[in-house]
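*Asks:* could you look at this predicted model? Sequence included:
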Amino acid sequence: MEYFFTEKQQIIRDLTRRIAEEKIAPVVKEFDETGAFPWEIVRTLAKSDLFRVFIPEDYDGLGGGVMEMAIVTEELSRICGGIALGYAATGLGSMPILLFGNEAQKKEYMTRVANGTVAAFALTEASAGSDASNMTTTATRDGDYYILNGVKQWITNGGEADIYTVIAMTDKKKGSRGATAFIVEKGTPGFTFGKKEDKMGIRASTTRELIFDNCRVHKDQILARPGMGYIVALRTLDRTRPGVGAQAVGIAQGALDACLKYTKEREQFGQPIANFQVIQHMLADMATQIEAARALVYATARMIDSGAEDISKESAMCKYFAGDVCMKVTTDAVQIFGGYGYMKEYPVEKMMRDAKITQIYEGTNQIQRNVVAQNLWKKNK
Amino acid sequence: MKIVVCIKQVPDTTDVKINKETNTLIREGVKSIINPYDVYAIEEGLALKEIYGGSVTVISMGPPQVCEALKEAVSLGVDNVILISDRAFAGADSLATSYTLAKTIEKIGEVDLIITGKQAIDGDTAQVGPGIAEWLHIPHSTYIKAVEEITGEHIRVQRMIEGGYERIELDMPALITVVKEINEPRFPSIRGILRSREIEVPIWTANDLDVDETRIGLKGSPTQVVTIATPELGSKGEIFRGKAEEQVQKLFAALRERQIV
């Protein structure tokens, strides 16, 4: 479908596609096996200005927004959903600073991200997943400093990133109004990294515990004001869910591309299986679902970049729709490949493993449906 | 440090077909690319600039369409590009080409290092790089696979030879021709691509250069191409039949006869 990209967006898409096909495709299997963080690829993306696309020009960026972040994430994910995540999660880690940072914070941290510094966002804890209000990480005031204590779990880019936005409770009594967002830099005394997870999919991304043990953070590192932590987190996630949607669309497109090639080559009953109508119909359904998901992701991203305020519903819709499409399409891709699809030698089993996370993280697809439903009543539509 | 990289636009040989009747290249519809070895030369220029500072200027001689190759160089991040283009330069062989490029580099002035690819994939002469150095009376070294160090006065390089490399130190200014082992060329950047779309490539003609007219173009070219022909395919296959054991015996006999084993 023609989405009428601007000239700059076309350049971003074409360059990302070229880097993904030439630089990433040959090493996808290796990173999936080792689970190493793809630093060399991250540096290549940065050198080609892809970290600048969602950063304002004032901070050495190219002045794009959620749409540009989605374009890059989708194109990287088409080749590897795991390698794409190191990039996308830097977008997630940057968003709270872009939205709520003061001028000094934006100048310092967004300029660094524009030039290739990896960032991360830390909200989830062992007992605070879908119920984020159950968090136990605390930040206690001590003069001009806050002292952070607690453990954040399953943090994408944990240990690799230099810049972390961390949500901690500054006033437990106030419940959700007692959380505060801090920018914490790697290397701050009392801030270390724990267990690195061994995951089912997106294995080229790092998922790790953040441990805060009497970690002193200056009050100038607070985003917005004390007590604004949940608002910072929710507004951030509203703007980054299209990124997960884009990742899901990319993975699904990669699976469809693999099927289009395979069904022309694989012969059964004396002819390519692409000749069979049952295969053709499966491919048609995959293509149609992907296009519908892509259209919803792009429309939401453009709505956000145009300055719309009330975006929770659309953001949730595009995330869960694209995530569910991705799971369905990659599962069907394995089916089309048959026995070969189940083998690691062929590309689609990895895509199916990578797909699953898009239904889980940045708010499960069930929570997304809650968000959509709540908004239906709120708006009385 | 002022670096000049010389590049050539060539037909993409993976795309080229030969007209069997005329024995010439079919150039219609064939994509033009930067000579692949020259891409490594550009990368080395950019990498050295990142270490030692200065500027990278890319120059090329050819028809106006070569602007596309120079714009591609801009997308990779070079500072300046110059196209050397004039009907008077047409028909230049490697001698006239190296003379014209040397005159261009003279005009640019105060150049510290000149980098070219080891050869072009269409002509395969590998003469233009060394030729430029000779016209400029500066030292050169070919087949460079690594630049170890540059001081104010010297450049130390590794020159590929069979089974190893030579370590050579040259006085600056100097010219080196590079092989693909020297680096991994970068991708363009978004800013570079945006700049390449806006830039107007400066064109220098014969009038802009202090050239001896008998040394440029066809007049300055002692090389004459009489004909171009494709060599006839001489290889013939031989199929050994019989039982596997017999086939192996026959194969060994044949290999021994040709003194391969």
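*Replies:* Thanks, I have it. Residues are numbered from 1 along each chain as shown, chains lettered A, B, ... in the order given.
*Asks:* can you pull out the helices in the stretch 251-381 of chain A?
*Replies:* Using DSSP state H, counting those that start in this stretch, the helices found in the stretch 251-381 of chain A span residues A:277-305, A:312-337, A:348-357, A:365-379.
*Asks:* nearest to B:Tyr165, of those?
*Replies:* helix A:348-357 (40.4 Å; Cβ to Cβ). Bear in mind the C-beta positions are built from the backbone N, C-alpha and C, glycine included.
*Asks:* out of the helices of the stretch 251-381 of chain A, which is closest to chain B?
*Replies:* With Cβ to the nearest Cβ as the measure, helix A:277-305 is the member of the helices of the stretch 251-381 of chain A nearest chain B (17.3 Å).
*Asks:* check which helices and strands that closest one is in contact with.
*Replies:* helix A:66-79, helix A:229-265, helix A:312-337 (3 or more Cβ pairs under 8 Å, 6 or more residues apart in numbering or on different chains; DSSP states H and E).
*Asks:* A:Val334 contacts A:Glu349, doesn't it?
*Replies:* Yes - here A:Val334 reaches A:Glu349: they are 6.1 Å apart, a contact under Cβ atoms under 8 Å.
*Asks:* contact residues of the stretch 101-250 of chain B facing chain A?
*Replies:* When proximity is defined by Cβ under 8 Å from any Cβ of the partner chain, the stretch 101-250 of chain B lies next to chain A at B:Arg186, B:Phe187, B:Pro188, B:Ser189, B:Ile190, B:Arg191, B:Gly192, B:Ile193, B:Leu194, B:Arg197.
*Asks:* ok, now with 10 Å
*Replies:* Proximity of the stretch 101-250 of chain B to chain A, by Cβ under 10 Å from any Cβ of the partner chain, involves residues B:Glu184, B:Arg186, B:Phe187, B:Pro188, B:Ser189, B:Ile190, B:Arg191, B:Gly192, B:Ile193, B:Leu194, B:Arg197.
*Asks:* show the buried residues in these.
*Replies:* For those, a burial check counting by 16 or more other Cβ atoms under 10 Å in any protein chain shown picks out B:Arg186, B:Phe187, B:Pro188, B:Ser189, B:Ile190, B:Gly192, B:Ile193, B:Leu194.
*Asks:* count the neighbours of the residue nearest to the fifth one when sequence neighbours are not counted for me.
*Replies:* The reference is to B:Ile190. Sequence neighbours aside, A:Asp49 is the residue nearest to B:Ile190 in space, at 3.9 Å (criterion: Cβ to Cβ, 6 or more residues apart in numbering or on different chains). Counted with other Cβ atoms under 10 Å in any protein chain shown, the neighbours of A:Asp49 add up to 25.
*Asks:* pLDDT wise, what is A:Asp49 at?
*Replies:* A:Asp49 carries a pLDDT score of 98 in this model.
*Asks:* name the SS class of it, please.
*Replies:* coil (DSSP: H, G, I helix; E, B strand; the rest coil).
*Asks:* ok, now which ones touch it?
*Replies:* Shown in contact with A:Asp49 (Cβ atoms under 10 Å, 6 or more residues apart in numbering or on different chains): A:11-12, A:15, A:60-62, A:114-116, B:187-194.
*Asks:* what touches both of A:Val334 and A:Glu349?
*Replies:* With Cβ under 10 Å, 6+ apart, A:Val334 and A:Glu349 have common neighbours A:Tyr340, A:Gly341, A:Tyr342, A:Met343.
*Asks:* A:Gly61 - nearest residue in space that isn't next to it in sequence?
*Replies:* Distance criterion Cβ to Cβ, 6+ apart; nearest residue to A:Gly61, sequence neighbours excluded, is A:Ile55 at 2.6 Å.
*Asks:* wait, doesn't the one you found sit right on A:Ala119?
*Replies:* No - counting by Cβ atoms under 10 Å, A:Ile55 stays clear of A:Ala119, with 11.1 Å between them.
*Asks:* where do the contact lists of these two overlap?
*Replies:* A:Gly91, A:Ser94, A:Met110, A:Arg112, A:Val113.
*Asks:* verify the stated contact: the second one with A:Thr117.
*Replies:* Yes - look at A:Ser94 against A:Thr117 with Cβ under 10 Å: they come within range, at 9.5 Å.
*Asks:* neighbour-wise, which of the two wins?
*Replies:* The neighbour count for A:Ser94 versus A:Thr117, taken as other Cβ under 10 Å, is higher for A:Ser94 (32 against 20).
*Asks:* pretty sure that one belongs to a helix, no?
*Replies:* Yes - applying three-state DSSP, one finds A:Ser94 inside a helix.
*Asks:* where does chain B dip in pLDDT?
*Replies:* Low-confidence segments of chain B, defined by pLDDT under 70: B:15, B:22-25, B:27.
*Asks:* repeat for chain A
*Replies:* A:379-381.
*Asks:* where along the stretch 101-250 of chain A do the strands fall?
*Replies:* Listed in chain order, the strands of the stretch 101-250 of chain A (DSSP state E, counting those that start in this stretch) span residues A:119-122, A:138-142, A:145-156, A:163-169, A:179-185, A:191-196, A:207-218, A:222-223.
*Asks:* buried stuff in the fifth one?
*Replies:* What it means is strand A:179-185. Per 16+ other Cβ under 10 Å, strand A:179-185 contains these buried residues: A:Ala179, A:Thr180, A:Ala181, A:Phe182, A:Ile183, A:Val184.
*Asks:* contact partners for B:Ser60?
*Replies:* B:5-9, B:34-35, B:38, B:66-67, B:69-70, B:73, B:81-85, B:101, B:104, B:201.
*Asks:* among the residues you listed, name the ones in helices.
*Replies:* Using DSSP state H, the subset of these located in helices is B:Asp38, B:Cys67, B:Ala69, B:Leu70, B:Ala73, B:Leu101, B:Thr104.
*Asks:* want to throw the residues of the stretch 101-250 of chain B next to chain A into CSV with secondary structure?
*Replies:* Formatted as CSV, these follow (three-state DSSP):
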residue, secondary structure
B:Glu184, coil
B:Arg186, coil
B:Phe187, coil
B:Pro188, coil
B:Ser189, coil
B:Ile190, helix
B:Arg191, helix
B:Gly192, helix
B:Ile193, helix
B:Leu194, helix
B:Arg197, helix
